[in-house]
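Trainee: sequence unknown, structure follows:
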């Protein structure tokens, strides 16, 4: 019997990539009956695909998304107070990282409930590893502004910060705007800044390339609408 | 047969935590004969512990550490040019993240060699997940200055940045200085800043707590000399 805790369960970051889930995380699942997820339907489908539970109908799912208020958690987290563990499942990658799961973790700490993070895939971490950029200093910024002038200002600000600190800057975009972010980056970054684009990490079409902005400017690829991570490091 | 590539192989971050390695990473190992590692002796011991190879003596290890120069890589990476893959093994966690592996990845990109990051444990990522702090914006800063005044200045600077950007600040320390960093943090951070300490992640004595600096000031624990990650988020 595992101790009562809030277990943070990573999800795959590419289709059919169940081999990226750790035995550590899978070993926790059979004992869990209560789950929090951003999208209950896809979380249920994910757990079904693991073929761990004889009856997925016996499991209880509650929604935890960006609209969940901290005050809602007293009710949502009730099983923990009654001696049942809860699993938080991300839509992709690790709960609490670029994902609304952190709110539940905050509640758990405030109520002295044990929190157990489990090992699994994170596209941000895989991208950083594969980039060859500075992994001793890095920052994740989420989504950049979409509008042209505001995006340009932000990209230049992040580049100055990167040069001053030697810090790798990491960002993401919704897949259908990959081409837009790429164009904003090669237009506004300096020629010698190294830019990495990492697509479909751990998936069948995984593709990672790091080269200078100057080199990227010659690259007129039709960007696929695949989940991607963008990283850059200014020449200092 | 796997494609010729530079494979980035995560190592455990706690003793005996082989169950945190992904089947994806383990599946790559049997085909590899060439390895880069910070410490060849411990890398050899790690691979032995996996019981994958019948004769560990048949494997070739080369050193890649903080003293390795980029120019040395032409010789070190030779197997890739001759059609053999190379695996980079970290001392702990993921190659290229808070680790010298990034240099080899940089070389691979410059020579258009495929880079494949594999899924496994990272204490930074596990700590961020378990902290309940902002996982939409975060930065890793490595080690802070040791000297008192310089440490104080740096901690206050990071706290101002955290408040301005809503950014979680992540740092590490060598285990025997955990107590020192803890004291510097609770002395220099504001009372309402939330501070997380995550120790021995994925290990038998795993322990994670997030509370305000005000609460930590009442906590007079004798800090064990265990690998730990420190994270904070200023009240904004």
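Mentor: Great, that's in hand. This structure is a prediction, so every number in the text was calculated from the model and none was measured.
Trainee: which helix is the longest one in chain A?
Mentor: Criterion DSSP state H: the longest helix present in chain A is helix A:148-165.
Trainee: pop the domain breakdown of chain A in here.
Mentor: A:6-117, A:123-233 (automatic domain parsing).
Trainee: now those domains as JSON lines including mean pLDDT and mean neighbour count?
Mentor: Bear in mind the C-beta positions are built from the backbone N, C-alpha and C, glycine included. Formatted as JSON lines, those follow (pLDDT from 0 to 100; neighbours: other CB atoms under 10 Å in any protein chain shown):
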{"stretch": "domain A:6-117", "mean pLDDT": "95", "mean neighbour count": "18"}
{"stretch": "domain A:123-233", "mean pLDDT": "95", "mean neighbour count": "19"}
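Trainee: nearest to residue B:127 among those would be which one?
Mentor: Closest of those to residue B:127 is domain A:6-117, at 7.6 Å (criterion: CB to CB).
Trainee: do the closest one and chain B meet at all?
Mentor: Yes - Domain A:6-117 lies within reach of chain B by CB under 8 Å from any CB of the partner chain, at A:8, A:17, A:19-24, A:27, A:94-99, A:101-109, A:115-117.
Trainee: measure the residue of chain A most remote from its centre to residue A:110 for me?
Mentor: If you look at how far each residue of chain A sits from its centre, by CA atoms, centre = their mean, the farthest one is residue A:82, at 30.5 Å. The gap separating residue A:82 from residue A:110 is 18 Å, by CB to CB, to the nearest Å.
Trainee: the residue lying closest to residue A:30 once chain neighbours are set aside: what secondary structure?
Mentor: Nearest non-adjacent residue to residue A:30, counting by CB to CB, 6 or more residues apart in numbering or on different chains: residue A:52, 5.7 Å away. Assigned state for residue A:52: coil (three-state reduction, DSSP: H, G, I helix; E, B strand; the rest coil).
Trainee: residues contacting residue A:52?
Mentor: Residue A:52 makes contact with A:26, A:29, A:30 under the criterion CB atoms under 8 Å, 6 or more residues apart in numbering or on different chains.
Trainee: which of the residues of domain A:6-117 next to chain B fall within helices?
Mentor: If you go by DSSP H, these have A:23, A:24, A:27, A:102, A:103, A:104, A:105, A:106, A:107, A:108, A:109 in helices.
Trainee: any idea which of these is closest to residue A:124?
Mentor: If you rank these by distance to residue A:124 using CB to CB, residue A:102 comes first, at 14.4 Å.
Trainee: pretty sure the closest one is touching residue A:96, no?
Mentor: Yes - Residue A:102 lies in contact with residue A:96 (CB atoms under 8 Å); the separation is 4.4 Å.
Trainee: helices of chain A, residue ranges please.
Mentor: Counting by DSSP H, residue ranges of the helices within chain A are A:23-28, A:40-49, A:73-76, A:78-81, A:102-110, A:123-131, A:148-165, A:178-188, A:213-216.
Trainee: could you dump the ones you listed to CSV with distance to residue B:156?
Mentor: CSV is the format used below for those (distance: least, CB to CB, whole Å):
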stretch, distance to residue B:156
helix A:23-28, 38
helix A:40-49, 41
helix A:73-76, 32
helix A:78-81, 36
helix A:102-110, 24
helix A:123-131, 27
helix A:148-165, 16
helix A:178-188, 31
helix A:213-216, 34
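Trainee: residue B:121 is nearest to which of those helices?
Mentor: Closest among the helices of chain A, once you apply CB to CB, is helix A:23-28, at 8.4 Å.
Trainee: same for the closest one, what does it pack against?
Mentor: Using 3 or more CB pairs under 8 Å, 6 or more residues apart in numbering or on different chains; DSSP states H and E, the elements in contact with helix A:23-28 are strand A:6-9.
Trainee: identify all contacting residues around the strand it packs on.
Mentor: A:25, A:28-29, A:32, A:77, A:80, A:85-90, A:94-96, A:101, A:104-105, A:108, A:113-118, A:120, B:129-130.
Trainee: repeat the analysis, applying 7 Å as the threshold.
Mentor: With contact meaning CB atoms under 7 Å, 6 or more residues apart in numbering or on different chains, strand A:6-9 is reached by A:25, A:28, A:32, A:80, A:85-89, A:94-96, A:101, A:104-105, A:108, A:113, A:115-118, B:129-130.
Trainee: just stretch A:90-97 next, same as before
Mentor: Stretch A:90-97 is contacted by residues A:8-11, A:13, A:38-39, A:42, A:88-89, A:99, A:101-102, A:105, A:120-124, B:125, B:128-129, B:132, B:135 when judged by CB under 7 Å, 6+ apart.
Trainee: residue A:179 against residue A:225, yeah?
Mentor: No - the pair formed by residue A:179 and residue A:225 falls short of the contact definition of CB atoms under 7 Å, at 8.6 Å.
Trainee: so what's the residue lying closest to residue A:131 once chain neighbours are set aside bridging to?
Mentor: The shortest distance from residue A:131 to any non-neighbouring residue, by CB to CB, 6+ apart, is to residue A:196 (3.8 Å). Note on residue A:196: beta-bridge partners by DSSP bridges are residue A:210, residue A:231.
Trainee: dump the residue contacts of residue A:196.
Mentor: Neighbouring residues of residue A:196 by CB under 7 Å, 6+ apart: A:127, A:131, A:133, A:208, A:209, A:210, A:231, A:232.
Trainee: what is in contact with residue A:102 and residue A:96 at once?
Mentor: Residues touching both residue A:102 and residue A:96 (CB under 7 Å, 6+ apart) are B:132, B:135.
Trainee: coming back round to it: between the domains of chain A, which gets nearest to residue B:155?
Mentor: When the domains of chain A are compared by CB to CB, domain A:123-233 sits nearest residue B:155, at 15.9 Å.
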